[in-house]
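>>> sequence plus predicted model, see below.
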Amino acid sequence: MSSDAMINIDNLSVTFNRGRKPLRAVNGVSLSVRPGEVVALLGESGSGKSVTMRSLLRLHPKDTKVDGSMFVDGQDIMGLSSRELSDLRGAVVSMVFQEPRLALDPVYTLGRQIEETIIRHESLSRSEAAARALALFQKVKIPSPERRLQNYPHEMSGGMLQRAMIAMSLACNPKVLLADEPTTALDATVQIQILLLIRELQKEYGLSVIFVTHDIGVAAEVSDRIAVLYAGRIVEEGKVADIIRNPRHPYTKGLLGARVELAGGRDRLITIPGAPPDLANMPEGCAFAPRCPQASDLCRAEVPRLVTAETSKVACVQYA
């Protein structure tokens with residue numbers, strides 16, 4: 001673990017005990033994020049991105065088995081009591097969810113919800129909390145902020161509601177922001193606006209950010225480093241420029257090849273064959289081997305370790 005990191009995740013494994021067989025959604029993930037750094041978790045649906053994020057706030061069902069260690073701002077997340085977790089959420093670590101309509105309470109106005117968050121964590125009066133809520137709506141560029149604070153979630157568009165969600169996440173000046181695919185449900189123009197807003201606010205507040213996405217273009221736009229997840233494991237990690245210019249893992253190459261802007265005039269995009277594995281019935285060896293055009297018998301026999309390859313880290317037998 002890095003002693004100067006804001007976030008330290010070491011050998012995290014998360015297993016859901018539902019159905020006939022346990023399902024290991026995260027399998028040995030280790031990741032650190034320095035103060036003021038943005039790290040993107042990149043991968044297809046089911047790769048373990050959101051599960052890793054929610055683990056940092058211990059938002060999983062009680063019957064979930066979580067192994068490994070997680071430290072945020074020096075606090076041992078696994079050892080916190082319920083009260084200590086409540087103090088941490090919002091004040092030290094905040095989360096922007098993928099679908100704000102499901103994350104926000106439909107029976108309270110947006111202003112009331114932000115005010116309650118502020119009052120819960122800080123010794124402010126209702127009027128002081130209301131003034132901060134207004135300032136936050138102005139900060140995230142919501143038009144007519146005084147009126148919008150009186151709106152209920154269903155009265156806002158998707159883009160405006162996501163801005164309100166970001167305002168709420170910043171209400172108590174956290175040190176860490178977890179963004180779980182916050183632009184997936186938005187159209188392209190609004191998506192760009194939200195990405196620029198998050199990056200602008202991250203720099204202004206000096207936040208450490210973990211940004212979950214399945215879009216490598218989005219990851220390149222907002223992050224300093226990228227960690228590529230596949231079947232619950234990190235298969236490649238490095239600086240954005242290194243990952244984009246010189247991807248090493250076949251899965252990362254496949255993600256880059258499927259980008260429209262990288263098609264180079266081809267009539268068809270290069271797609272990754274097959275589908276992600278069933279996490280309850282994982283194949284032997286490398287989980288990507290059944291879909292990999294370069295797979296050998298060795299790939300199917302052992303799980304590759306994450307090793308340093310020049311400026312990046314990669315889990316592939318080609319670099320073992």
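Cool, got the structure.
>>> any weak-confidence spans in the chain?
In the predicted model of the chain, residues 1-3, 260-269, 320 satisfy pLDDT under 70.
>>> which stretches of it form helices?
Residue ranges of the helices in the chain, as given by DSSP state H, are 49-55, 82-88, 100-103, 110-121, 126-139, 145-148, 158-169, 188-205, 216-222, 240-245, 250-257.
>>> of those helices, flag the one that's most buried.
Of all the helices of the chain, helix 158-169 carries the top mean neighbour count, a mean of 24, counting by mean count of other CB atoms under 10 Å. Just so you know, the C-beta spots here come from the backbone N, C-alpha and C atoms, and that holds for glycine as well.
>>> what does that helix contact?
When contacts are taken as CB atoms under 8 Å, 6 or more residues apart in numbering, the neighbours of helix 158-169 outside the stretch itself are 90, 94-97, 100-101, 103-104, 110, 113-114, 117, 133, 136-137, 139-142, 148, 153, 156, 177, 182-183, 185-186, 190, 193-194, 197-198, 201.
>>> run the angle between that helix and helix 126-139 for me.
Here helix 158-169 runs at 130 degrees with respect to helix 126-139, directions being taken by axes from the mean of the first three to the mean of the last three CA atoms, to 10 degrees.
>>> ignoring the adjacent residues along the chain, who's closest to the residue nearest in space to the middle of the chain?
Ranked by distance to the mean C-alpha position of the chain (CA atoms, centre = their mean), the top residue is V212 at 2.9 Å. With CB to CB, 6 or more residues apart in numbering as the criterion, V212 has its nearest non-adjacent residue at 4.4 Å, and that residue is K49.
>>> residues in contact with that neighbour?
With contacts taken as CB under 8 Å, 6+ apart, K49 has the following neighbours: 41-43, 180-181, 212-214, 229.
>>> ok, S30 next?
Counted by CB under 8 Å, 6+ apart, S30 has contacts 9-12, 234, 306.
>>> just give me the neighbour total for the closest residue in space to M6 that isn't next to it in sequence.
Once flanking residues are discounted, M6 sits nearest to S208: 4.0 Å by CB to CB, 6+ apart. Residues contacting S208 under the criterion other CB atoms under 10 Å number 24.
>>> can I assume the residue nearest to the centre of the chain is in contact with V38?
No - in terms of CB atoms under 8 Å, V212 does not count as a neighbour of V38; the distance is 11.7 Å.
>>> circling back: what's near enough to touch the residue nearest to M6?
Each residue near S208 by CB under 8 Å, 6+ apart is listed here: 6-7, 33-38, 175-177.
>>> now with 7 Å, please.
Applying CB atoms under 7 Å, 6 or more residues apart in numbering to S208 gives the contacts 6-7, 33-37, 175-176.
>>> P247 too?
If a contact means CB under 7 Å, 6+ apart, then P247 has 253, 256 as its contacts.
>>> if we go to 8 Å?
When the contact criterion is CB under 8 Å, 6+ apart, the partners of P247 are 236, 253, 255-256.
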